[in-house]
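Peer 1: below are the sequence and a predicted model for it; my questions follow.
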Amino acid sequence: MVEDGVFGPVGQIIIYSTIAVTLVIALLIIACFVTPGCIGYECVRPKKKQSVTDGNPNDKINENLKLNDVSYRSWRVGSLYDTESGTIWENSVSPRLSINSNDSQIGASDPNSIASVTLPSKQNVKDTAFPTELTLSLRYLPYCEGVTASKFVIGVETLLGLPPKQYNCTLEPYVTLDIYKQSWTNRKKQKLYSFKTKGIKHTANPVFKESFVISGANPQDIKEWMLNIEAYDHDRYANHTKLSELQVQLKDAKRIFLSPETHLFNFQMKTSKQEYGSILLGISYLPTAQRLSINVMKARNINFMPTIPNIQEFNPFVRILMLNGRTSKRIKKLKTKVFPAVREPEFNETLTFDLPPNKIDSLQFLIILCSKSKIDTSTMPMMNELPSDSEDSVVSFQKAKDVCIGKVALGKGVRGTTERLHWFSIFQNPRKLVTVWHSLK
């Protein structure tokens with residue numbers, strides 16, 4: 001009875017089904033071990049030994065040294081990369097397509113003396129965020145007949161968390177405040193008032209406590225105003241740097257008209273990304289001669305207005321300062337020749353600095369694009385009208401201050417990512433020219 005129940009028609013179906021499922025599973029397992037890409041195949045396949053071939057490094061034409069791989073520790077230890085011929089060009093642009101150089105020294109340089117480095121794309125480079133907080137005070141005093149006129153008081157109280165300088169030096173921040181009236185008919189802004197605070201040295205969290213008073217303003221007009229607030233850093237060597245910016249619509253601050261008290265507002269300012277063009281720099285370092293050569297090649301897309309009104313008054317040249325990275329004291333200054341009235345100058349000039357190995361970590365270089373100011377002889381007084389007949393007074397009167405357009409800082413401790421990577425790659429590739437486009441700020 002038991003055997004008939006087990007091996008009856010139903011039992012046979014169960015047995016045959018079990019055998020079929022077992023065979024299917026076995027076939028799947030075998031297929032997994034013989035099919036490339038499956039887990040079983042990857043586990044049992046033999047590991048291929050990577051063959052190391054000794055060949056001429058010049059034959060490796062398609063290998064590039066990435067700036068992402070360059071670190072401070074690697075070049076300090078002395079690990080150097082052997083790279084192929086070519087120059088560091090952003091976005092892999094050919095040198096013949098990027099610049100027509102007239103410098104015979106560069107054109108006839110040995111291919112082995114040029115380093116090929118690939119820059120990371122700008123989309124992958126993440127700048128450190130510095131959220132700057134502005135404390136602003138607003139107060140409206142209404143008109144009192146026979147006593148006082150209406151007054152609108154704007155107070156710049158404090159700034160907190162300003163971004164650092166491009167190179168190792170303390171900040172000297174100040175704030176500019178412009179008041180615009182928005183005309184909704186033609187969508188144009190009309191500047192009504194302009195104010196500026198004093199500069200405060202050696203701080204990233206300045207306390208200004210400065211107030212600006214506008215008399216005769218009524219609430220209807222004030223509601224149409226917009227405050228344009230910008231925080232700058234006073235740079236004694238180059239142009240002043242815009243650090244943060246903010247726009248405030250006064251129509252959103254309605255509570256200031258409800259009481260004559262002082263109302264405090266905290267705003268998050270936006271980090272400024274203002275640029276004034278690009279400059280192409282090729283740099284090489286000779287360890288035996290202890291010499292750093294900076295080749296200033298060309299500049300493009302220069303934004304010199306409104307500092308300089310027209311192209312006829314734009315006379316560009318480049319000034320390079322070697323600074324002490326700890327004290328920010330100037331050690332040496334060199335400059336290129338002046339190109340009169342040229343929008344995109346091609347300098348192709350090499351400036352050389354002595355750089356001992358023990359000073360690599362402590363020195364920084366500030367590359368400044370300037371414009372030479374011409375002396376207006378028509379407004380100069382006659383010799384007998386000068387306050388003094390000494391030679392020094394004549395020279396000081398005739399000396400015109402040059403206009404700084406933008407700057408780039410290079411060195412170990414600079415802020416810019418591209419600038420730091422360029423600096424490290426120079427010492428990863430000694431005796432080779434490393435060239436990168438830099439943004440002027």
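Peer 2: Yes, it's here.
Peer 1: what residues does the helix or strand hosting Met297 touch?
Peer 2: Assessed by DSSP states H and E, Met297 sits inside strand 291-300. Strand 291-300 has contacts (C-beta atoms under 8 Å, 6 or more residues apart in numbering) with 99, 101, 103, 106, 277-286, 316, 318, 320, 336, 344-355, 365, 367, 369, 426, 433, 435, 440. For every residue, glycine as well, the C-beta is placed using N, CA and C.
Peer 1: drop anything exposed from those residues.
Peer 2: Neighbour counting with 16 or more other C-beta atoms under 10 Å marks 99, 101, 103, 106, 277-285, 316, 318, 320, 336, 345-351, 353, 355, 365, 367, 369, 426, 433, 435, 440 as buried within those.
Peer 1: quick one: terminal-to-terminal distance for stretch 267-278?
Peer 2: The stretch stretch 267-278 measures 32 Å between its terminal residues, going by C-alpha to C-alpha, to the nearest Å.
Peer 1: same check, this time on stretch 145-164
Peer 2: Start-to-end, stretch 145-164 (C-alpha to C-alpha) is 49 Å.
Peer 1: could you do stretch 248-259 as well?
Peer 2: 20 Å.
Peer 1: any low-confidence regions in the stretch 151-300 of the chain?
Peer 2: Applying pLDDT under 70 to the stretch 151-300 of the chain flags the ranges 183-187.
Peer 1: what are the ranges of the helices in it?
Peer 2: 219-222 (DSSP state H, counting those that start in this stretch).
Peer 1: quick one: the strands in the stretch 301-441 of the chain?
Peer 2: In the stretch 301-441 of the chain, strands defined by DSSP state E, counting those that start in this stretch lie at 316-324, 330-335, 346-354, 363-371, 403-411, 434-439, listed in chain order.
Peer 1: and the nearest residue to Phe212 once chain neighbours are set aside, how far from Tyr174?
Peer 2: In space, and not counting its chain neighbours, Phe212 is closest to Phe195: 4.5 Å by C-beta to C-beta, 6 or more residues apart in numbering. Phe195 sits 11 Å away from Tyr174, going by C-beta to C-beta, to the nearest Å.
Peer 1: the two: who's more crowded?
Peer 2: Taking neighbours as other C-beta atoms under 10 Å, Phe195 and Tyr174 compare with Tyr174 leading, 21 against 17.
Peer 1: Provide a list of residues in contact with the closest residue to that one other than its chain neighbours.
Peer 2: Leaving aside its chain neighbours, Tyr174 sits nearest to Gly199 (4.2 Å; criterion: C-beta to C-beta, 6+ apart). Neighbour list for Gly199: 172-174, 234 [criterion: C-beta under 8 Å, 6+ apart].
Peer 1: for those residues, which one is nearest Pro219?
Peer 2: Nearest to Pro219, judged by C-beta to C-beta, of these is Tyr174 at 29.8 Å.
Peer 1: show me what the closest one is bridged to.
Peer 2: With DSSP bridges as the criterion, Tyr174 is bridged to Tyr232.
Peer 1: thought it was touching Lys201?
Peer 2: No: with contacts counted by C-beta atoms under 8 Å, Tyr174 stays clear of Lys201, the gap being 10.3 Å.
Peer 1: please identify every residue contacting each of the two.
Peer 2: With C-beta under 8 Å, 6+ apart, Tyr174 and Lys201 have no common neighbours.
Peer 1: helix or strand right after the longest helix belonging to the chain?
Peer 2: In the chain, assigned by DSSP state H, the helix with the most residues is helix 9-34. Next along the chain after helix 9-34, taking DSSP H and E as the criterion, comes helix 39-44.
Peer 1: and the strand holding Met297, what's buried?
Peer 2: 292-299.
Peer 1: Leu323: how many residues sit nearby?
Peer 2: Residues lying near Leu323 (other C-beta under 10 Å) number 23.
Peer 1: for Phe424, that is, sorry about that
Peer 2: 21.
Peer 1: do Leu421 as well
Peer 2: 22.
Peer 1: against Phe427, how distant is it?
Peer 2: 12 Å.
Peer 1: same deal with Tyr237?
Peer 2: 24 Å.
Peer 1: which other residues reach stretch 204-213?
Peer 2: 137, 151-162, 164, 171, 173, 175, 177, 193, 195, 197-198, 200.
Peer 1: stretch 344-357 now?
Peer 2: 99-103, 105-106, 285, 287, 290-302, 316-318, 320, 322, 332, 334-337, 339, 363, 365.
Peer 1: on that earlier part again, including mean pLDDT and distance to Gln182, could the strands of the stretch 301-441 of the chain go into TSV?
Peer 2: Below are the strands of the stretch 301-441 of the chain laid out as TSV (pLDDT from 0 to 100; distance: least, C-beta to C-beta, whole Å):
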stretch	mean pLDDT	distance to Gln182
strand 316-324	96	36
strand 330-335	96	44
strand 346-354	97	43
strand 363-371	96	33
strand 403-411	96	30
strand 434-439	96	31
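Peer 1: tell me which of the ones you listed lies nearest to Ala26.
Peer 2: The nearest among the strands of the stretch 301-441 of the chain, by C-beta to C-beta, is strand 434-439 at 60.6 Å.
Peer 1: by contact count, what packs against the closest one?
Peer 2: strand 278-286, helix 417-428 (3 or more C-beta pairs under 8 Å, 6 or more residues apart in numbering; DSSP states H and E).
Peer 1: the last one - contacts with which helices or strands?
Peer 2: Helices and strands in packing contact with helix 417-428 are listed as helix 72-77, strand 278-286, strand 403-411, strand 434-439; criterion 3+ C-beta pairs under 8 Å, 6+ apart.
Peer 1: and the ones you listed as CSV, adding distance to Ser272?
Peer 2: Rendered in CSV, the data for these read as follows (distance: least, C-beta to C-beta, whole Å):
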stretch, distance to Ser272
helix 72-77, 28
strand 278-286, 17
strand 403-411, 13
strand 434-439, 13
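Peer 1: of these, which is nearest Glu261?
Peer 2: strand 403-411 (43.5 Å).
Peer 1: who's in contact with the residue nearest to Phe212?
Peer 2: 154, 176-178, 212.
Peer 1: got JSON lines for the helices and strands packed on strand 434-439, with distance to Lys251 too?
Peer 2: Formatted as JSON lines, the helices and strands packed on strand 434-439 follow (distance: least, C-beta to C-beta, whole Å):
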{"stretch": "strand 278-286", "distance to Lys251": "39"}
{"stretch": "helix 417-428", "distance to Lys251": "39"}
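Peer 1: quick revisit: weed out the non-buried ones from the contacts of stretch 204-213.
Peer 2: Buried, going by 16+ other C-beta under 10 Å: 137, 151-157, 159, 162, 164, 171, 173, 175, 177, 193, 195, 197, 200, out of these.
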